[in-house]
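Colleague: can't give you the sequence, but here's the structure:
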């Protein structure tokens, strides 16, 4: 498929240029502000007060270049990171990436769906089981994303993002007076320098602000936006769009930590296991502490967060697998991909396959929600140094002109991120399996 060229774009004023670029960054936020925020960030606040907040914000700051390389690569080449992996490392790396990611993608969809179902069940007092509600949400989400495509997803996501920002900020403001602002509260469940705290940090930071796979999804959405508009956004415009979504996801992560610290940690309440139990607990605590209005607000906030995440991954994950399939099966002599992603048979097969795997997981592996979530997040954390390295070398690879490659600052920052992720992963393996 011929890529839009920046030179072909109509002349725009500076504000119009940035407004035209907005979309993928909001989708990034919609996908990032999910289970890691609603479940893990809230749980971190409940167990440690604001003791882990600094670590969470630091992790988000350090990971910035790794995620930014997604939209950056599209702004320079017009192609996604999947195509960048192919051109930089070859088809074998793309195939291995898809093979490793396939089961993880289905598990993530299942985890997001079961959390969304728990919130829906609590908010609407549904009598159906959580897996049944989750299955209905997956089916409805697939129908919406397949028929609506990128443009409809982009529009609906912006509406949901607006709702969740307003409701989350209201819920956070309500919790502020109850927060213990000690740097590391004495009432935390474990000392700062302990094995238990290290394991918790790894589990929480693994998907803060999200799994690094989201950098690839961001590049695919940027590519889809360019194709829908018939023009390519430059690096400056891509950065503005990305920064809005990235910074916003960091702020909302802090909000959910504060909510957990204010409503749960201040009362010494242990977070419940299970999606329905955890959702009911959080909403019920707000209701009993601050009144009916607050329970409704936090319920709408959390449900909107998770529904937005579910829609974005139901589009993004099949889009990523389809791009990998195209990259693997395209002959070496063919430079440009001519096959469509949206509405294609490959995209539909990937969507149905991942959804069926997720539904299977919902009815067989969801017995212990908390352990299951930790497994997903820790696995993603251990894979993150590899993905961070792939993104770094792709952004600095032969497919990117030398004069357009990332600055020395961004590259040094990226190396810091890779080194930090490697050290933390090794530390976790030592503590968990050797010490």
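Modeller: Arrived safely, thanks for sending. The structure displayed is predicted, hence computed values, not measured ones.
Colleague: quick one: end-to-end length of stretch 264-284, please.
Modeller: Taking CA to CA, to the nearest Å, stretch 264-284 runs 11 Å from one end to the other.
Colleague: and the contacts of it?
Modeller: Identification of contacts with stretch 264-284 by CB atoms under 8 Å, 6 or more residues apart in numbering yields 39, 42-43, 45-49, 114-115, 117-119, 121-123, 130, 178-180, 185, 187, 259-260, 263, 285, 289, 295, 298-299, 302, 366, 368-370. In this view, the C-beta of every residue, glycine as well, is placed from N, C-alpha and C.
Colleague: type out the PyMOL command that picks the buried ones from these.
Modeller: Remark: buried members of these, expressed as a PyMOL selection using 16 or more other CB atoms under 10 Å:
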select buried, resi 39+42+43+45+46+47+48+49+114+115+117+118+119+121+122+123+130+178+179+185+259+260+263+285+289+295+298+299+302+366+369+370
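Colleague: any idea how far residue 251 lies from residue 424?
Modeller: The span separating residue 251 from residue 424 equals 23 Å under the rule CB to CB, to the nearest Å.
Colleague: the two: which is more packed in?
Modeller: residue 424 (20 against 17; other CB atoms under 10 Å).
Colleague: so what does that one look like in phi/psi?
Modeller: phi -70, psi -40 (degrees, to the nearest 10).
Colleague: likewise the one 3 residues further on?
Modeller: When read as degrees, to the nearest 10, the backbone of residue 427 gives phi -60, psi -40.
Colleague: contacts only, for it.
Modeller: Residue 427 neighbours (CB under 8 Å, 6+ apart): 198, 202.
Colleague: go on, residue 67?
Modeller: Residues in contact with residue 67 (CB under 8 Å, 6+ apart) are 28, 209, 210, 212, 214, 215, 218, 242, 246.
Colleague: equivalent analysis for residue 188, please.
Modeller: Neighbours of residue 188 in contact, by CB under 8 Å, 6+ apart: 47, 48, 49, 51, 197.
Colleague: go again using 7 Å as the cut-off
Modeller: 47, 48, 49, 51 (CB atoms under 7 Å, 6 or more residues apart in numbering).
Colleague: what is the three-state secondary structure of it?
Modeller: What DSSP: H, G, I helix; E, B strand; the rest coil gives for residue 188 is coil.
Colleague: so which strand or helix has residue 337?
Modeller: According to DSSP states H and E, residue 337 maps onto no helix or strand at all.
Colleague: equivalent analysis for residue 183, please.
Modeller: For residue 183, there is no helix or strand it lies in under DSSP H and E.
Colleague: leaving out sequence neighbours, find the closest residue to it.
Modeller: Excluding the flanking residues, the one nearest residue 183 by CB to CB, 6 or more residues apart in numbering is residue 51, at 7.2 Å.
Colleague: look up how far residue 130 lies from that neighbour.
Modeller: Distance from residue 51 to residue 130, counting by CB to CB: 31 Å.
Colleague: over to residue 182?
Modeller: In terms of CB to CB, residue 182 sits 36 Å off from residue 130.
Colleague: likewise for residue 381?
Modeller: In terms of CB to CB, residue 381 sits 26 Å off from residue 130.
Colleague: can you map out the helices along the stretch 151-300 of the chain?
Modeller: 195-205, 213-229, 235-263, 275-290, 292-329 (DSSP state H, counting those that start in this stretch).
Colleague: pick the most buried one from the ones you listed.
Modeller: helix 213-229 (a mean of 26; mean count of other CB atoms under 10 Å).
Colleague: that one vs helix 235-263, what angle?
Modeller: In terms of direction (axes from the mean of the first three to the mean of the last three CA atoms, to 10 degrees), helix 213-229 departs from helix 235-263 by 130 degrees.
Colleague: show me what helix 213-229 is packed against.
Modeller: Applying 3 or more CB pairs under 7 Å, 6 or more residues apart in numbering; DSSP states H and E, we find helix 213-229 packed against helix 24-32, helix 64-77, helix 81-89, helix 130-175, helix 292-329.
Colleague: same for the fourth one, what does it pack against?
Modeller: Going back to what we said before, that points to helix 130-175. Using 3+ CB pairs under 7 Å, 6+ apart, helix 130-175 is in contact with helix 24-32, helix 91-124, helix 213-229, helix 235-263, helix 275-290, helix 292-329, helix 345-364.
Colleague: let me know the outermost residue of this protein.
Modeller: Distance from the C-alpha centroid of the chain peaks at residue 333, with 35.0 Å (CA atoms, centre = their mean).
Colleague: cool, thanks, signing off.
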